[in-house]
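predicted model, plus sequence, below.
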Amino acid sequence: MQQQINRQIFLVKRPTGIPDESCFKLVSSAILQPASGQVLLKTRFISVDPYMRGRMNNRKSYVPPFKLNQVLSGGVVGEVIESKSNNFIAGDFVVGNLGWQDYSIADEKEVQKINPEIAPVSTALGVLGMPGLTAYFGLLDIGQPKQAETIVVSGAAGAVGMIVGQIAKIHGCHVVGIAGSDKKTNYIIGELGFDAAINYRSTPDLKKTLKEACPDGVDIYFDNVGGEISDAVLSSINNNARIVLCGQISLYNATRIPMGPRIQPQLLTHSALMKGFIIRNYVDRFDEGRNQLANWLQEKKLKYTENVVEGLENTPKAFIGLFTGENIGKQLVKVEHDAVTEKR
């Protein structure tokens, strides 16, 4: 093994508002050796996701907060370089919840093998991973799309939103995406087949523009952002509308919760359903979701894009970029650069 140290990224300060790089520290430690039933992994790709921002606060949630002065963790694709497990051999690619670091030790039950012949291994963190599964179960289980219905997707150029819109098109819906730049709106229309798209940053009257894009009202709203965008969409919902609460990224860095419209009357008078969900609610059905997403991918009914930042040391920068609107599609960090990571 050429590299004799394990670089790790620690959370050293809890952020107020949008995190900056002073909240993170790159440290070095020894590379540990696997015990029986464990594997030693070389990190290939790291996923950075908006939900991680909530874990940086010291408050109770559906997942415990990150601890200070310890390595951060999230979705990681790794390559097995030493195995003391009967389930894996050197050269296998796996995915699991692992550290922001060059090398990880994982128990055999903590990681899942990836087949690189189906799709690039990075997709295990995107279209075939948590974002894809979030889109699949959130839309189909809660949104329940029907032919010719109108769906609005906020955060439509993000890792989840772009998959939601395409699945809705597969089900025959009229799909309207909301995003934060002309580059993003052009992409989701031109490349992904959305029927309409709105740049919320340049639209002077979002409610008016939404009504023009959704002349028959909104039957499904897949909410990735919350805030004023969601306030505007909810003003156009139809009777029996379904609102899928997936994310509230516009509020993740708020130092106080802003007062918004009282939405209960709209839900009441329209007999509308609003339901939040966490992807782990569907863990028993993950194989179903992955198989269907993989089929659509192979049938070319689904497209995806990845915004790849190179270098472990740039992981904090990639994470911060989620909140400044830099990425189209899945935000990833590529830790290694040799040919094995490019296997198709």
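That came through, no problem. Numbering: from 1, shown residues only.

from here on, just use CA atoms for contacts and neighbour counts.
OK.

per the annotation, how does this protein divide into domains?
Per automatic domain parsing, the structural domains of the chain span 5-126+305-342, 130-280.

dump these into CSV; add mean neighbour count, distance to Q292 and mean pLDDT as well.
Converted to CSV, those look like this (neighbours: other C-alpha atoms under 10 Å; distance: least, C-alpha to C-alpha, whole Å; pLDDT from 0 to 100):
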stretch, mean neighbour count, distance to Q292, mean pLDDT
domain 5-126+305-342, 19, 13, 93
domain 130-280, 19, 9, 94
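
can you put those domains in CSV and add distance to Q298?
Listed next are these as CSV, based on distance: least, C-alpha to C-alpha, whole Å:
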stretch, distance to Q298
domain 5-126+305-342, 8
domain 130-280, 14
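
quick one, which of those gets closest to L293.
domain 130-280 (7.3 Å; C-alpha to C-alpha).

which neighbouring elements make contact with whichever strand or helix holds V176?
Using DSSP states H and E, V176 sits within strand 174-179. Taking 3 or more C-alpha pairs under 8 Å, 6 or more residues apart in numbering; DSSP states H and E as contact, the helices and strands that strand 174-179 lies on are strand 150-154, helix 161-170, helix 182-190, strand 196-199.

could you point out which of these sits nearest N224?
Across the helices and strands packed on strand 174-179, closest to N224 is strand 150-154 (C-alpha to C-alpha), at 5.5 Å.

grab the nearest non-local neighbour of the most centrally placed residue in the chain.
Nearest to the geometric centre of the chain sits P131, at 4.1 Å (C-alpha atoms, centre = their mean). Leaving aside its sequence neighbours, P131 sits nearest to V160 (C-alpha to C-alpha, 6 or more residues apart in numbering; 4.8 Å).

can I assume that neighbour is in contact with G132?
Yes - assessed by C-alpha atoms under 8 Å, V160 is found in contact with G132 at 6.2 Å.

now for those two: what residues contact both?
Residues touching both V160 and G132 (C-alpha atoms under 8 Å, 6 or more residues apart in numbering): none.

what sits against V160?
The contact partners of V160, by C-alpha under 8 Å, 6+ apart, come to 131-132, 134-135, 329.

how near is it to E306?
As judged by C-alpha to C-alpha, to the nearest Å, V160 and E306 stand 12 Å apart.

repeat for D107
D107 sits at a distance of 29 Å from E306 (criterion: C-alpha to C-alpha).

and what of P204?
To E306, P204 is 30 Å away according to C-alpha to C-alpha.

tell me which stretches of the stretch 151-300 of the chain form strands.
174-179, 196-199, 218-223, 237-245, 273-276 (DSSP state E, counting those that start in this stretch).

ok, the stretch 1-150 of the chain next?
For the stretch 1-150 of the chain, the strands defined by DSSP E, counting those that start in this stretch occupy 5-11, 24-30, 38-47, 70-71, 73-83, 93-99, 103-107, 111-114, 150-154.

so which of those is nearest W296?
Among the strands of the stretch 1-150 of the chain, the nearest to W296 by C-alpha to C-alpha is strand 111-114 (17.7 Å).

contact partners of the closest one?
Residues external to strand 111-114 that are found in contact with it (C-alpha under 8 Å, 6+ apart): 88, 92-97, 121, 124.

now flag whichever of those is closest to E21.
In terms of C-alpha to C-alpha, no member of the contacts of strand 111-114 lies closer to E21 than N97, at 22.4 Å.

residues in contact with the closest one?
73-76, 110-111 are the contacts of N97 under C-alpha under 8 Å, 6+ apart.

how close does it get to S104?
The value you get for N97 to S104, if C-alpha to C-alpha is used, is 10 Å.
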